[in-house]
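Engineer: Provided below are the primary sequence and the corresponding predicted coordinates.
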Amino acid sequence: MIRAIKDYSYMDQMPIQEVDIPQSLENTLAMVASRLRKMEVIRDYEPQLPCVSAYGRELNQVWTA
């Protein structure tokens, strides 16, 4: 949980960065876990998904929404 918080908040500090999408999603899921208690989250990530250049802050907002 601590790592997820650090990674999640770190993404807000840089404009464009290399983002590991599955890890970013996992960090967000960890942050909102209490809201997902009665839900089943099915994860099906592409195994060799490359990192992408993106605005981390905006991705955090999308994942959280």
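Structural biologist: Structure received. These numbers come from a predicted model, not from an experiment.

Engineer: any idea how far Ala30 is from Ile42?
Structural biologist: Per CB to CB, to the nearest Å, Ile42 is found 16 Å from Ala30. (Glycine included, C-beta is placed from N, CA and C.)

Engineer: Tell me which of these two has more neighbours.
Structural biologist: It is Ala30, of Ile42 and Ala30, that has more neighbours when counted by other CB atoms under 10 Å, with 15 against 4.

Engineer: roughly how far apart are that one and Trp63?
Structural biologist: 11 Å.

Engineer: and what of Val19?
Structural biologist: 11 Å.

Engineer: Cys51 now?
Structural biologist: As for Cys51, its distance to Trp63 is 16 Å (criterion: CB to CB).

Engineer: Just want to know which of these two has more residues nearby.
Structural biologist: Applying other CB under 10 Å to Cys51 and Trp63 shows that Trp63 carries more neighbours, namely 18 against 12.

Engineer: doesn't that one fall inside a helix?
Structural biologist: Yes - residue state for Trp63 (DSSP: H, G, I helix; E, B strand; the rest coil) corresponds to a helix.

Engineer: give me every residue that touches it.
Structural biologist: 24-25, 28 (CB atoms under 8 Å, 6 or more residues apart in numbering).

Engineer: got any ranges where this structure has weak pLDDT?
Structural biologist: Scanning the chain for pLDDT under 70 picks out 1-14.

Engineer: Output the longest helix belonging to it.
Structural biologist: Scanning the chain for the helix with the most residues, using DSSP state H, yields helix 21-31.

Engineer: What are the contacting residues of the helix or strand that comes right after that helix?
Structural biologist: Sequence order places strand 52-54 as the next helix or strand after helix 21-31, per DSSP states H and E. The contact list for strand 52-54, computed with CB under 8 Å, 6+ apart, reads 16-19, 21.

Engineer: Measure how far strand 52-54 is from the centre of its chain, please.
Structural biologist: Remark: strand 52-54 is offset 13 Å from the chain centroid, using CA atoms, centre = their mean, to the nearest Å.

Engineer: Just the buried positions in that strand, please.
Structural biologist: Neighbour counts over strand 52-54 (16 or more other CB atoms under 10 Å) mark Ala54 as buried.
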